[in-house]
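**Student:** using only what follows, build the 3D model:
(chains A, B and C)
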Amino acid sequence: MNWNPDLIQEVRKRRPLVHQITNEVTVNDCANITLSCGASPVMAYAPEEVAEMAALASALVLNIGTLNANQVESMIQAGRAANEKGIPVVLDPVGAGATSFRTDSAKRLLEKVHISHLKGNAGEIATLAGEVSQVRGVDSGEVDHIRTIAVRAARKWGLTIIVTGEKDVITDGDKWVEVSNGHPLMATVTGTGCMCAPVVAAFAAVSNDPVAASVAAMVTYGIAAEQAGRVAEGPGSFRWRLFDALHALDGEGVRDSAQVQSG
Amino acid sequence: MNWNPDLIQEVRKRRPLVHQITNEVTVNDCANITLSCGASPVMAYAPEEVAEMAALASALVLNIGTLNANQVESMIQAGRAANEKGIPVVLDPVGAGATSFRTDSAKRLLEKVHISHLKGNAGEIATLAGEVSQVRGVDSGEVDHIRTIAVRAARKWGLTIIVTGEKDVITDGDKWVEVSNGHPLMATVTGTGCMCAPVVAAFAAVSNDPVAASVAAMVTYGIAAEQAGRVAEGPGSFRWRLFDALHALDGEGVRDSAQVQSG
Amino acid sequence: MNWNPDLIQEVRKRRPLVHQITNEVTVNDCANITLSCGASPVMAYAPEEVAEMAALASALVLNIGTLNANQVESMIQAGRAANEKGIPVVLDPVGAGATSFRTDSAKRLLEKVHISHLKGNAGEIATLAGEVSQVRGVDSGEVDHIRTIAVRAARKWGLTIIVTGEKDVITDGDKWVEVSNGHPLMATVTGTGCMCAPVVAAFAAVSNDPVAASVAAMVTYGIAAEQAGRVAEGPGSFRWRLFDALHALDGEGVRDSAQVQSG
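**Tutor:** Residues are numbered from 1 along each chain as shown, chains lettered A, B, ... in the order given. Below you'll find the model as predicted:
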């Protein structure tokens, strides 16, 4: 598996604008992580402007963490504008499986918009793939055979899937990669899952390979989390140290600590 | 007054899911404090899903800090689902008394939903209890005889009231308890009031005694604030240290520093 | 140019209530910066209450960062109540020029409400002033002759304009002032622009001179950023240190480090 540890340098050079329609809980974290990896965030939700904003952007993130019916319509409009422009669209189906409104909305987005990257935990991905799964709120346990499920789903939908967990699984239905970078403190802070999506979007915006960009993004983000976690005293300090670490990380640091296994 | 300093251990063991319909300003803090005390937060607001999400949860928090008419309807739906399931419902009537929309909405929630815990500052509680009070924005001075007012109101509504202030007053209309833990820096950071509600909800979710759970919650949270405050250099560092301190606190630490007086 | 380095002491003494209708991304930062400079924030958005809340306040902030059609109507209502009461109204036209909805909404607010302070980056101000400009998302490069544009626009609209940038330009169309305080890390954290508005509002609430209050506000805020930036290790630590620094700053500290040039 070829991926570029220096891709973060490309993000910093080109500063892609990442349009995000996201949840109220972690929106600030998502904006800040976008800046910390060198890209430029813009949040815009109103039906009057989402298509125009998406057309200005280099990538789009759709996160349904605090969705409502109007917001889903805005996401579809923005998604279609992004598709017309040919930029990456990352979907984070937060809580799919917890309520039918979330599951249905995520499926609707997969149907109406060409999603390039679907990022979720095992329960969310399994639910959308139609596999039996137990999802509890927005947390979820690992499901067996998640890699098999992800590969099959990626092939069916024609996109790249990133299943987050202790090991992240990335696949386009053909090849798959496992990324082991990350830190246990990530589970103690809200938004550490959500923040993957704009990072993936920023990296995908400056790359032609959706899987390689996702690998570079998840490795870079995971290494920043490891560095933050080593010096943090708890969830509060871990959170701000994550932004500091990502901001200071360069291609060499990424190359030295990457834990990637491919198949 | 019997209360259990080790109740935080029970929260960590059972990881109750706390569904929160809350304000935009401090929603991230509320999610993070829920995680720091060992519970699991989920924010869900849409009418299409609130009842379903509340039915999955172990406690519900309703906070009217940036309310709108639709959100109040969602709160009623979620509250009724929580009542059917028999889980605790904590109401935080932010700014009641400041505008009639807030006062009326809080009263409507008290009428339509069986609230188990009402948490507010002196002005908010006095307003809802029909006592003359001066409330200025979401800050408010102490009112005279707040304990008398709280005891009377708790009896009338059949719930537990937590009046936050330099001394927190907790009462079910029968017994009352005063908690003196806390730190002056709490007044310099937004959300230190709001965050009490999910902590109380998490503790109430793993206890059968609404007053004792509230005491354990307010003492535990107050001690974390004291520990954060002792090493903080201002509001910015106080905020992240609060999460670190709560995450590291155990039953022994709670027992050693509790300042509780009951009558 | 006469301005008062001790104005922050006046803010702390009088604790003005600053009503804010603002964006979801940085709302928590805006509340906390208001507290850190000694004022009291309240966020209230619902049409049922905005006029009542604005009438209780000592200043109003309108920020269109995540605007929608209903919110713009609430802003107009709140703005009119503020105008009736004669309190300062600060408009932050986030992203004006990026989409026509943002540009039109900002113009509509300028038309329907008497804005006392318009704060934006060069691209936003140039767009609203009808000058040709290239705006990219909410970031924007400096435009040529921004001072000329600002002076002309301030005269036309009869208000004080604050153009943020490496050097902030403040003008009422008659006199102008340049403030050079600030730190490069401000560009790496979301909300550092938004937070200027509530600081200006708090200072304007305790002053009779709109330009002098803006200068004191931007200098005070910029010095806090410098102090935070000197010890920060990146964007994460810069952010919390900014709150600590502003909270600790006094008139003497402001006087010692002010970088003001007037013409």
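**Student:** return the set of buried residues in stretch A:253-263.
**Tutor:** A:253-254, A:257-258, A:260 (16 or more other Cβ atoms under 10 Å in any protein chain shown). (C-beta placed from N, C-alpha, C; glycine too.)
**Student:** repeat that for stretch A:8-20.
**Tutor:** Buried, per 16+ other Cβ under 10 Å, within stretch A:8-20: A:8-11, A:15-20.
**Student:** among the residues you listed, which one sits closest to B:Val189?
**Tutor:** Nearest to B:Val189 out of the buried residues of stretch A:8-20 is A:Gln20 (Cβ to Cβ; 26.2 Å).
**Student:** helix/strand/coil for that closest one?
**Tutor:** strand (DSSP: H, G, I helix; E, B strand; the rest coil).
**Student:** any idea what sits nearest it, other than its immediate chain neighbours?
**Tutor:** Excluding the flanking residues, the one nearest A:Gln20 by Cβ to Cβ, 6 or more residues apart in numbering or on different chains is A:Val61, at 4.3 Å.
**Student:** close to chain C, is the helix or strand where A:Gly253 lies?
**Tutor:** Per DSSP states H and E, A:Gly253 falls inside helix A:251-257. No: using Cβ under 8 Å from any Cβ of the partner chain, helix A:251-257 never reaches chain C; the gap is at least 13.5 Å.
**Student:** now for that helix, which elements pack on it?
**Tutor:** helix A:7-14, helix A:210-231 (3 or more Cβ pairs under 8 Å, 6 or more residues apart in numbering or on different chains; DSSP states H and E).
**Student:** packing partners for whichever helix or strand comes after the longest one?
**Tutor:** The element immediately downstream of helix A:210-231 (helix or strand, assigned by DSSP H and E) is helix A:235-248. Secondary structure elements in contact with helix A:235-248, counted by 3+ Cβ pairs under 8 Å, 6+ apart, are helix A:27-36, helix A:210-231, helix B:27-36, helix B:235-248, helix C:235-248.
**Student:** can you list the residues of the stretch 151-263 of chain A near chain B?
**Tutor:** A:188-191, A:233-237, A:239-240.
**Student:** and the residues you listed, which is closest to A:Asn181?
**Tutor:** A:Val189 (16.5 Å).
**Student:** contact partners for the most centrally placed residue in chain A?
**Tutor:** When Cα atoms, centre = their mean is applied to chain A, the residue found nearest the centroid is A:Ala197 (2.2 Å). Counting by Cβ atoms under 8 Å, 6 or more residues apart in numbering or on different chains, A:Ala197 touches A:20, A:22, A:30, A:61, A:63, A:90, A:92, A:117, A:119.
**Student:** how about 7 Å then?
**Tutor:** Contact partners of A:Ala197, counting by Cβ atoms under 7 Å, 6 or more residues apart in numbering or on different chains, are A:61, A:63, A:90, A:92, A:119.
**Student:** and what of A:Leu110?
**Tutor:** A:Trp157.
**Student:** and it, how close does it get to A:Ile87?
**Tutor:** To A:Ile87, A:Leu110 is 17 Å away according to Cβ to Cβ, to the nearest Å.
**Student:** returning to what we had before: farthest-apart pair in the buried residues of stretch A:253-263, please.
**Tutor:** Farthest pair in the buried residues of stretch A:253-263, by Cβ to Cβ: A:Gly253 and A:Val260, 14.7 Å.
**Student:** so where's chain A uncertain?
**Tutor:** Scanning chain A with the threshold set as pLDDT under 70 gives A:132-144.
**Student:** tell me where it has strands.
**Tutor:** For chain A, strands defined by DSSP state E occupy the ranges A:17-21, A:40-43, A:59-63, A:89-92, A:117-121, A:160-164, A:168-171, A:176-179, A:260-262.
**Student:** one step back: out of the helices and strands packed on helix A:251-257, which one sits most buried?
**Tutor:** Compared across the helices and strands packed on helix A:251-257, helix A:210-231 shows the largest average neighbour count, a mean of 25 (mean count of other Cβ atoms under 10 Å in any protein chain shown).
**Student:** mind saving the C-alpha coords of that helix as CSV?
**Tutor:** Only the C-alpha atoms of helix A:210-231 are listed here, as CSV (Å, rounded to 0.1, in the frame of the first residue of the first chain):
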residue,chain,number,x,y,z
PRO,A,210,-9.1,8.4,-1.9
VAL,A,211,-7.7,5.4,0.1
ALA,A,212,-4.1,6.7,0.3
ALA,A,213,-5.4,10.1,1.4
SER,A,214,-7.5,8.5,4.1
VAL,A,215,-4.6,6.5,5.4
ALA,A,216,-2.3,9.5,5.5
ALA,A,217,-5.1,11.4,7.3
MET,A,218,-5.8,8.8,9.9
VAL,A,219,-2.1,8.1,10.6
THR,A,220,-1.3,11.8,10.9
TYR,A,221,-4.3,12.4,13.2
GLY,A,222,-3.6,9.2,15.2
ILE,A,223,0.1,10.2,15.8
ALA,A,224,-0.9,13.6,17.0
ALA,A,225,-3.3,11.9,19.4
GLU,A,226,-0.4,9.6,20.6
GLN,A,227,1.9,12.6,21.2
ALA,A,228,-0.9,14.5,23.0
GLY,A,229,-1.8,11.4,25.1
ARG,A,230,1.8,10.8,26.2
VAL,A,231,1.9,14.2,28.1
